[in-house]
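Undergrad: coords please:
(chains A, B and C)
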Amino acid sequence: MATQLTSAGPGRRAPHGGRHRTEPYIVRDSAPVTLTGLTAKVVLLGLAAGIAVWAAFPLVEARAWAGLAILAGTTAAIFYLYLTRRHVPAKYLVPGTLLLIAFQIFPILYTASTAFTNFGDGHRGNKAEAIVAIQTASVTQVPGSTEYALAVATTGDPATGPLVFLVTDPATRAVYAGNAAGLRALPEGEVTVNSAGKVTAARGYTVLDAGQASARSAEITAFAVPTPGGAIRSSGLSRAYEGKATREYAEACDCVRDTATGRTWTADEGAGAFVAADGERLAQGWKVGVGLANFSRVLTDSTISGPFLRTLLWNVAFAVGSVAATFALGLLCALALHTPRMRGRALYRVLLILPYAMPSFAMLLVWRDLFNTDFGLVNRLFGLDVDWLGGVWSARLAVVLVQMWLGFPYMFLVATGALQAIPRELTEASTVDGAGPWQSFRRVTLPLLMVALTPLLISSFAFNFNNFNAVYLTTEGGPFPADNPTAGATDLLITYTFRLAFGAAGAQYGFAAAISVFIFAIVALLSAVSFRRTRRQEELYA
Amino acid sequence: MRTVPLRHAVAAGAVAFALFPILFVLSAALNPRGTLSSTELLPTGLSLENFDRLLSETRFASWFANTMLIAGLASAAAVFLGALAAYAFSRMRFRGRRTGLLALLLIQMFPQFLAIVTIFLMFSTVTELWPAVGFNTPWGLVLLYLGGALGVNTWLMKGFLDTLPRELDESATIDGATHAQVFFQIILPLVAPILAVTGLLVFIATVNEFLIANVFLTDTGSKTLSVGMYGLISGERNNNFGVFCAGTLLTAVPTVLVFQFLQRYIVSGLTAGAVKG
Amino acid sequence: MVAAALALSLATTGCGGGGDEPAASDSPAAKAAGGRLVIWADTKRTAALKPFADRFGQENGVTVEVQEIADEQQTTFVTASQQGSGPDVMVGAHDWIGNLVQNGAIDPVQLSAEQKAGFAEIALKAVTFNGQVYGVPYAMENVALIRNTDLAPQAPATVEDLVATGKRLKAEKKASEILCLQVGQSGDAYHLYPLYASAGGYLFGTGANGDYDPKDLGVGTPASVAAFEKIRALGEKGEGALKRSIGGENSIATFTAKKCAFLVSGPWAITDVKKAGLAYDISPVPGFAGGKPATPFVGVQAFYVAAKGKNKALAQEFVANYLTVPDLAVALYKAEPRPPALTAAFDQVKAEDADLDKFQAAGRDGAVLPAIPEMAAIWDPFGKAEAAIIGGADVATTVNAAAKTISGQIK
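TA: Okay, here's the model as predicted:
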């Protein structure tokens, strides 16, 4: 990324206002170095080096050499960048870009890569984890076996010595010491047992207290004392039971076998699951690559592709409608307040940004209640009896209206800022030229505003195109036609497809990622097209 | 002069539209039995019981403090990072400029809730190696938010920089100023209004952010307002509606204060003066 | 100069570098202090658990942290666990079990026969999945009919009775609604289930061992169509007893505002009902005349041991040996009045709270809420169908479309 950002010289510059210059001014950096600048540079680079050293220690300790290499490389690159006089644009772009790569681009690429897997509930971990889960889940108490009181002890140091389970048979109060070699009875005189049957002291052993024992939690959980019927394992720190794993993984056949019934499930690497001969699957599967299966499912599954076009159209309409409504109202307010002659402007401004200051998720929920047919304030206040969220067009109107309420203060703020930035001389000049206020607005103010705001409108469109909350917290996509509970009238692509991906028996992240990639492609295309149109504008006024 | 009454009419109409649901929230917050169906537009009861419960039964104060810290840091840093990038995008020409701009826009469109899994993956490692910026720390969350510092805000600021006449910085350059001096001493003061607007927007967005904060901050003391408030209504919305509304109103207070503080920059007229010079 | 943000970005560089480097994850940080137990719960439970967690910590010389997850508890738990950032103990509803097990997120809990005997039978059945006990239940919940005894002194014997009383009250302007049963624009299968069951419908059949069988889907059968016909007759185009304008956000409030005489809800509603100061009584949800019993779903709240927790031995100790004593169940009951799953605790609190017995009576014949992962595919389409039918849509078309969607997702 960084190489792309280096200065490419004057090639792309637009001819500028008829004035002539032989050289773009910015590529040179020949001005004298000032003391302030130098000090700031030294301090900041020193700080950067300090942070890099601080960050390096844990990496060294963890022997994460690749991580360390990336850290060292990045630090070196930063030093180079800010010590050289070249690559001026990169100096301005790198700080934000590094954060962008770490916390946005990397997660996105990683997520997108899951689109080629079956990643999802039941297929989250690797095969080894699935096998552990299957075996752990199959450990059952040996029928009729004793339930022991347990004390965890050691023959050595409490933190590191070899573990021993001191177990008491509650019926006979006989005490045994158990380790990997098996169970051995302890003579009665050598042990002290409390009323609950738990050993509190034993000759030759140190009984661990809860804190000491929990420090060795993983060892204790894995500890098993072999018995003829299975093995004695801990149940917490004070009880032990004799249990047996009824399902075992055998590497030879790459299968899981149930020792009680003899049934086997063979690993299916294509599906990431253990499958029996009759097709029954064990629930605990693992993540495997599935190639383009998720993508082809998006294209071929008729429940997805069927209502796709209709949803897409409404989605575009929703995004355009939301942007248009918020922009129109926001700009109107900004214009109305854009005069020094008006009193109370400060108060108006504060009141107008209030909708934006309120937590939006809360207000979306409140709006949903306001639109309730029988109890909602909208109907009560205006004496209506409209089933707002139950009718197709009223629900659509409602979501756009809510978006307008939530979003117009944003446009108002931005437009206010933009109006302030327009030099007053320009508008005054046009008024002097005899233009009326409307003409002056049309000819001078609006075009200048659009230079500043068009990119915002595009990004606002992109935001609303995927505005999950706006729909999910108000209509949940509804109302739904009777013959299709998967695609509602106000569903956006994102709400509709995610209902499919997460509505099944557990979340299907891989599938969801594939859908996202598709949606992403659509928005990217729409935005790129509209973005191309802004170039003309930019070049015109830049 | 003639237009002033019309301007008032437009502003008053917009204010009425803006305030209508908020009045409902206020009414519910003041109603001791603040439930949805019992609430009217105008307050029927007048009691601070809900505010009292909010402050005594929840850890509202610490949510509030955390939010201010996180949103304050995030917005200040994001404005700065964004301004740096916007300056480069507006004033310099380099290979990949338009691609970079478009990429910034597109990146924002990827649904964030999918990225949650990756965030867990990354920050599980970070927490192990550098607990100071790991889960449950405001610093880690701020860093994570700063990943989005370049994005819509860069676009916003770039758009404004584009409207500033080039002659300003060009003449400075000819007078011997470095690009950094141009940026810090000429450009930044000129775009103060938009820095203020951007700062406010980031501040509000950060206060509102729920999805990531919910999984990032699990320690009760480290939560932000939006996470804490969501907890109030996640079970049954009936029960805590009044308390929730009280919290919603209080959440808006800092934003309004920040706006008040920034308003003089936003409408300062600095721009006009500077252009004259 | 320009590098003002450098410090920040560098810190980030380090993070990014470590983040995409798998080798870093097997660092020896696990050796950090041992005695720490982390519990995740939702907002309400967190407050109630705190004192007990502290006591357990003091008694055992360990630190116990109760952390609150405001939303999406189950997904957050599974995702965090998978990456090793999860808790040691999780608190949640029993119908998560199927999904938690398929993700290997929880371990079975080995309870002694004596401990098992202490629990209500249905609670134990709820946390048993594929023959293993996966959690320690602490509270049960099911819906019942709560009625305003000033408006309706007699408990209705049938749905028809209820509707007749409700209509009369409406005609007399004593109430504005017949029944407060939450539907909303997206439906609510959980609250509708008693009526659906009484009308002859079912969701999943049960296999020979009494477990739910995902292959036997009850939605889309002729019986389910017939059941929805009866529900449609109660809907907006029929009696007007079921309405989409009554949803989760206002059903209880409408009842406490005395706008309806009957509320179908669970123990969680009682706090509000009491606060409203109205005279009420609780009875089982009535069935249709001549129909099957209106069995509600019984849900159980349980503690789970995280399979990838850092301190499993202590977690097992806490869940299996510390939570099985009645004190905690009583305290959790006091934080939120749901009937305790431990019989001893139930008996202890029922003396002071007659409502508990009535709720339990209402759930006596209830069906355990299915914990199989396939259940997740039912809620949404079923709810949508319910809302459409209550709004007056054609029953056969709607139910068949829902059935098609559900079976398409179960596959």
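
Undergrad: doesn't C:Leu263 belong to a helix?
TA: No - using DSSP: H, G, I helix; E, B strand; the rest coil, the assignment for C:Leu263 is strand, not a helix.

Undergrad: burial of the nearest residue to it once chain neighbours are set aside, as a residue count?
TA: Nearest residue to C:Leu263, sequence neighbours excluded (CB to CB, 6 or more residues apart in numbering or on different chains): C:Phe255, at 3.9 Å. (C-beta placed from N, C-alpha, C; glycine too.) Other residues near C:Phe255 come to 31 when the count uses other CB atoms under 10 Å in any protein chain shown.

Undergrad: read off the pLDDT value for C:Phe255.
TA: Note for C:Phe255: predicted pLDDT of 91.

Undergrad: is the helix or strand harbouring A:Phe511 up against chain C anywhere?
TA: Element membership of A:Phe511, judged by DSSP states H and E, is helix A:509-541. No - figure legend: helix A:509-541 not in contact with chain C (CB under 8 Å from any CB of the partner chain); closest approach 9.5 Å.

Undergrad: just how off-centre is that helix within its chain?
TA: 21 Å (CA atoms, centre = their mean, to the nearest Å).

Undergrad: what does stretch A:316-330 give?
TA: 27 Å.

Undergrad: likewise stretch B:156-174?
TA: With CA atoms, centre = their mean as the basis, the mean position of stretch B:156-174 lies at 26 Å from the chain mean.

Undergrad: on that earlier part again, show me what the helix or strand encompassing the residue nearest to C:Leu263 is packed up against.
TA: Take DSSP H and E as the rule and C:Phe255 turns out to sit in helix C:251-256. Using 3 or more CB pairs under 8 Å, 6 or more residues apart in numbering or on different chains; DSSP states H and E, the elements in contact with helix C:251-256 are strand C:180-181, strand C:262-265, helix C:270-276.

Undergrad: reformat the ones you listed as JSON lines; add mean pLDDT and distance to A:Val164.
TA: As requested, the helices and strands packed on helix C:251-256 are exported to JSON lines (pLDDT from 0 to 100; distance: least, CB to CB, whole Å):
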{"stretch": "strand C:180-181", "mean pLDDT": "94", "distance to A:Val164": "60"}
{"stretch": "strand C:262-265", "mean pLDDT": "95", "distance to A:Val164": "54"}
{"stretch": "helix C:270-276", "mean pLDDT": "85", "distance to A:Val164": "50"}
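
Undergrad: can you put these in a markdown table and add mean neighbour count and distance to A:Tyr82?
TA: Shown next, in a markdown table, are the helices and strands packed on helix C:251-256 (neighbours: other CB atoms under 10 Å in any protein chain shown; distance: least, CB to CB, whole Å):
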| stretch | mean neighbour count | distance to A:Tyr82 |
| --- | --- | --- |
| strand C:180-181 | 27 | 67 |
| strand C:262-265 | 26 | 64 |
| helix C:270-276 | 17 | 61 |
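
Undergrad: domain parsing for the chain?
TA: Since you didn't name a chain, this refers to chain A. A:142-245, A:249-286, A:302-541 (automatic domain parsing).

Undergrad: the intended chain is chain C.
TA: According to automatic domain parsing, the domains of chain C span C:34-141+C:299-368, C:144-295+C:372-410.

Undergrad: where does the closest residue to B:Val152 other than its chain neighbours sit: helix, strand or coil?
TA: Nearest residue to B:Val152, sequence neighbours excluded (CB to CB, 6+ apart): A:Ser459, at 4.6 Å. Under three-state DSSP, A:Ser459 falls in the helix class.

Undergrad: what's the pLDDT at A:Ser459?
TA: pLDDT, A:Ser459: 76.

Undergrad: equivalent analysis for A:Gln4, please.
TA: 35.

Undergrad: try the one 4 residues further on
TA: Reported pLDDT at A:Ala8 in the predicted model: 34.

Undergrad: repeat for A:Phe441
TA: 81.

Undergrad: list the contacts of it.
TA: A:Leu335 (CB atoms under 8 Å, 6 or more residues apart in numbering or on different chains).

Undergrad: likewise for the one 3 residues further on?
TA: Contacts were defined as CB under 8 Å, 6+ apart; by that measure A:Val444 touches A:Ile422, A:Leu426, A:Thr427, A:Ser430, A:Ala435.

Undergrad: secondary structure class for it?
TA: Under three-state DSSP, A:Val444 comes out as helix.

Undergrad: would you mind measuring from it to B:Phe259?
TA: For A:Val444, the distance to B:Phe259 (CB to CB, to the nearest Å) stands at 28 Å.

Undergrad: low-confidence ranges in the chain?
TA: Using chain A. A:1-33, A:427, A:431-432, A:503-505, A:534-542 (pLDDT under 70).

Undergrad: can you look at chain C instead?
TA: If you take pLDDT under 70 as the line, chain C has these spans: C:1-34, C:411.

Undergrad: strand partners (parallel or antiparallel) of the lengthiest strand in it?
TA: Longest strand of chain C, by residue count under DSSP state E: strand C:297-306. Sheet pairing of strand C:297-306 (DSSP bridges) gives strand C:89-93 (antiparallel), strand C:106-107 (antiparallel), strand C:136-141 (antiparallel), strand C:367-368 (parallel).

Undergrad: now for the helix or strand that it is followed by, which elements pack on it?
TA: As assigned by DSSP H and E, the chain's next helix or strand after strand C:297-306 is helix C:312-316. Counting contacts by 3+ CB pairs under 8 Å, 6+ apart, helix C:312-316 is packed against helix A:210-215, helix A:217-222, strand A:230-235, strand C:297-306.

Undergrad: kindly recompute the last result at 6 Å.
TA: Here helix C:312-316 touches helix A:217-222, going by 3 or more CB pairs under 6 Å, 6 or more residues apart in numbering or on different chains; DSSP states H and E.
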